[in-house]
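Visitor: heads up, no residue letters with this:
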């Protein structure tokens, strides 16, 4: 038996003006064939696939197709989409014959002229293997699931957590579902419900016992414990996508039991719809958040700059938080990560220990912020390379390019050449900084940062700033989304009616 595995992972933010190109994928790490299997055997969904497949009673031959990862950012260019699609198709054709295809997808990737990249890729792979060969794909909890994605796969397996700390385990679940199809004769029956709603990410914390996400996660795991249920998931969608067929989704897959799938899917959709307002976050102003951090002398304050979250595909060079931090005389370090290849180059030209007035930020996203000019000392130059484990990663290799620590008093700006996890403790530690001992730390993440800081922080605030990934996204100009759609529109009479997508 031969199982082909591959990955296409990028989360698109259509408000980010910076296009995603082939170079972004190549910098993150394109892999294929045997190298894919060897290097990803203990990392993220691919590692979950490999570990699970090798544990089968009669282990199949694992065939590496291709791995195409890029950090969240703007639309992929048309040429980039064509390259990704054609390379994945060519790899599968070369791998034939195969008995199954396992894919690790994000689910919210869009390209110029192609709003549903994953649907298009699944469609061409389906045309290659036909209907007799099962295709199972894993998805991020923020996927925008489309009817085409459902139609062209046998099953879609979603993360259950945000912060996303179950990426490896989701790969294991996907491979186990494939085993049940191939070795036990399971017949996936998919119930699918699209909801006319999009919710912010800030309060979608599945680790918080009082949150709606915590309750839904528990229900999903109860369902998956039922012998007849192959997988169950909700996708609360990446909000910053101005595309057709936008909206949250619920999906339940059973073993040939359409009635159970439909009932469970409808039940989950109703709970998600009824509790949608619980996702609306409480925000503080920049001034109030920074002041609270300054007045807290005995612990770490984490300030979530979620509108500029690099994990949400924002450019990462907003200066609103930095500008306010510079107004205070901090007793302990205040840490500010920012994407600024220009500042890094200037620091490298001047050398460690140099002092000068830098202009930083407000370049990649000049619509929402302007550069800040301040005098700094180049404290440290370093390579932003580390292994990420926690939110988004398990032994996931990250390379944020050359980086610089620029100090103004006790404000430390961590300037990176590339986007990446601008909240990760490992990034700060690469720069010789220990974030848990800081007085304040800016996290460019709406919720995932809590995996690292929830227990260590004295206080956490989500700050209201302008940017490409705002929590009040419904106040921004969308032109292509379906309407009515909550919270853009008030909808009083909607009721779920899950449909059976495929026997």
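Guide: Thanks, I have it. All figures in this text were calculated on a predicted structure; none of them were measured in a lab.
Visitor: switch to C-alpha atoms for all contacts and neighbour counts from now on
Guide: Will do.
Visitor: Quick one: the strands in the stretch 51-200 of the chain, in order.
Guide: Assigned by DSSP state E, counting those that start in this stretch, the strands in the stretch 51-200 of the chain fall at 61-69, 100-105, 135-139, 155-158, 188-194.
Visitor: Of all the residues in the last one, which ones are buried?
Guide: This points to strand 188-194. Neighbour-count burial for strand 188-194, counted by 16 or more other C-alpha atoms under 10 Å, picks out 188-194.
Visitor: okay if I get these as JSON lines plus pLDDT?
Guide: As requested, the buried residues of strand 188-194 are exported to JSON lines (pLDDT from 0 to 100):
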{"residue": "188", "pLDDT": "97"}
{"residue": "189", "pLDDT": "97"}
{"residue": "190", "pLDDT": "98"}
{"residue": "191", "pLDDT": "98"}
{"residue": "192", "pLDDT": "98"}
{"residue": "193", "pLDDT": "98"}
{"residue": "194", "pLDDT": "98"}
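Visitor: Which of those residues lies at the shortest distance from residue 291?
Guide: For the buried residues of strand 188-194, the closest approach to residue 291 (C-alpha to C-alpha) belongs to residue 194, at 42.0 Å.
Visitor: Please verify my assumption that the closest one contacts residue 249.
Guide: Yes. Counting by C-alpha atoms under 8 Å, residue 194 does reach residue 249; the two are 4.5 Å apart.
Visitor: Quick check: phi and psi on residue 261?
Guide: Torsion angles at residue 261 (phi, psi; degrees, to the nearest 10) stand at phi -60, psi -40.
Visitor: mind listing what it touches?
Guide: Residue 261 makes contact with 189-191, 229, 252-254, 500 under the criterion C-alpha atoms under 8 Å, 6 or more residues apart in numbering.
Visitor: Farthest-apart pair in these, please.
Guide: 229 and 500 (14.2 Å).
Visitor: out of the two, which sits in the busier spot?
Guide: residue 229 (22 against 19; other C-alpha atoms under 10 Å).
Visitor: how near is that one to residue 189?
Guide: Distance of residue 229 to residue 189, computed by C-alpha to C-alpha, to the nearest Å: 9 Å.
Visitor: For those two, list the residues in contact with both.
Guide: Jointly contacting residue 229 and residue 189 under the rule C-alpha under 8 Å, 6+ apart are 253-255, 261.
Visitor: of those residues, buried ones?
Guide: Taking 16+ other C-alpha under 10 Å as the criterion, what is buried in those is 253-255, 261.
Visitor: So which of the residues you listed sit within strands?
Guide: If you go by DSSP state E, these have 253-255 in strands.
Visitor: Between these, which sits nearest residue 384?
Guide: Of all those, residue 384 sits closest to residue 253, with 41.0 Å by C-alpha to C-alpha.
Visitor: so the nearest residue to that closest one once chain neighbours are set aside bridges to which residues?
Guide: Distances taken as C-alpha to C-alpha, 6 or more residues apart in numbering put residue 190 closest to residue 253, at 4.5 Å, once the chain neighbours are dropped. Residue 190 forms beta bridges with residue 253, residue 502, as assigned by DSSP bridges.
Visitor: Let me know the distance separating residue 190 from residue 150.
Guide: 8 Å.
Visitor: now stretch 269-287, how far from the chain's geometric center?
Guide: Centroid separation for stretch 269-287 versus its chain: 19 Å, with C-alpha atoms, centre = their mean, to the nearest Å.
Visitor: which residues are contacting it?
Guide: Around stretch 269-287, the neighbours that count as contacts under C-alpha under 8 Å, 6+ apart are 193, 195, 197, 199-204, 211-212, 216, 249-250, 320-321, 324, 461-465, 471, 495-496.
Visitor: so where's this structure uncertain?
Guide: 502-503 (pLDDT under 70).
Visitor: What segments of it are helices?
Guide: In the chain, the segments counted as helices under DSSP state H are 22-28, 33-39, 44-54, 78-95, 117-129, 147-152, 167-184, 212-224, 258-274, 286-295, 320-325, 341-350, 425-430, 450-453.
Visitor: Which strands or helices does the longest strand along the chain pack on?
Guide: The longest strand of the chain (DSSP E) is strand 372-390. For strand 372-390, the elements it packs on are helix 341-350, strand 355-360, strand 393-408, helix 425-430, judged by 3 or more C-alpha pairs under 8 Å, 6 or more residues apart in numbering; DSSP states H and E.
Visitor: Filter the contacts of stretch 269-287 down to just the buried residues.
Guide: Applying 16+ other C-alpha under 10 Å to these flags 193, 195, 197, 199-204, 211-212, 216, 249-250, 320-321, 461-465, 471, 496 as buried.
Visitor: mind listing what residue 25 touches?
Guide: Here residue 25 is in contact with 68-71 (C-alpha under 8 Å, 6+ apart).
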